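Trainee: sequence plus predicted model, see below.
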Amino acid sequence: MTITAYCPCPICCGKSDGITSSGTRAKEKQTIAVDPNVIPMGSEVHLEGLGTFIAEDTGGAIKGNRIDIYMDDHTQALLFGIQETKAYLIKGNQRKNLTQDTLL
Ligand SMILES: [Zn+2]
């Protein structure tokens, strides 16, 4: 899974209210933007080495095997760059490896 980061600024989002596409307030270490065709909205997603997040947002550039992590700070988001890691969909005590199941 390709992981990038974004912040609530107009450069990243085209708006600056910090409200996700699902209507929640974006929160650092929690909110990620996903392609809802790959990861259902509201899902708990574990990104290896990065933590566990909730799919609360979407984005025009977030398609297929790509996840965007919300961060409060633009510089931090830029510094994150582009990373590759394994992603798992968490359902109860089950983990589905998204990396293998959703290769495009
Ligand atoms: Zn930004």
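Mentor: Noted; the coordinates are in hand.
Trainee: what stretches of this structure score poorly on pLDDT?
Mentor: 100-104 (pLDDT under 70).
Trainee: for the one residue sitting closest to the centre of it, which non-adjacent residue is spatially closest?
Mentor: In the chain, the residue lying closest to the centroid (Cα atoms, centre = their mean) is residue 32, at 2.7 Å. Leaving aside its chain neighbours, residue 32 sits nearest to residue 53 (4.3 Å; criterion: Cβ to Cβ, 6 or more residues apart in numbering). C-beta coordinates here come from the backbone N, C-alpha and C atoms, glycine included.
Trainee: residue 1 now?
Mentor: Nearest one to residue 1, counting by Cβ to Cβ, 6+ apart, is residue 87 at 3.9 Å.
Trainee: with residue 71 instead?
Mentor: Residue 71's closest residue in space is residue 77 (Cβ to Cβ, 6+ apart), at 4.6 Å.
Trainee: where's that neighbour, which helix or strand?
Mentor: helix 74-80 (DSSP states H and E).
Trainee: quick one: the helices in the protein, in order.
Mentor: Per DSSP state H, the chain carries helices over the ranges 10-13, 74-80, 98-101.
Trainee: which strand in the chain has the most residues?
Mentor: Identified as the longest strand of the chain according to DSSP state E is strand 51-57.
Trainee: which neighbouring elements make contact with that strand?
Mentor: strand 31-33, strand 44-47, strand 66-70 (3 or more Cβ pairs under 8 Å, 6 or more residues apart in numbering; DSSP states H and E).
Trainee: can you tell me which helices and strands the shortest one packs against?
Mentor: Spelled out, that is strand 31-33. Strand 31-33 packs on strand 51-57, strand 66-70, going by 3+ Cβ pairs under 8 Å, 6+ apart.
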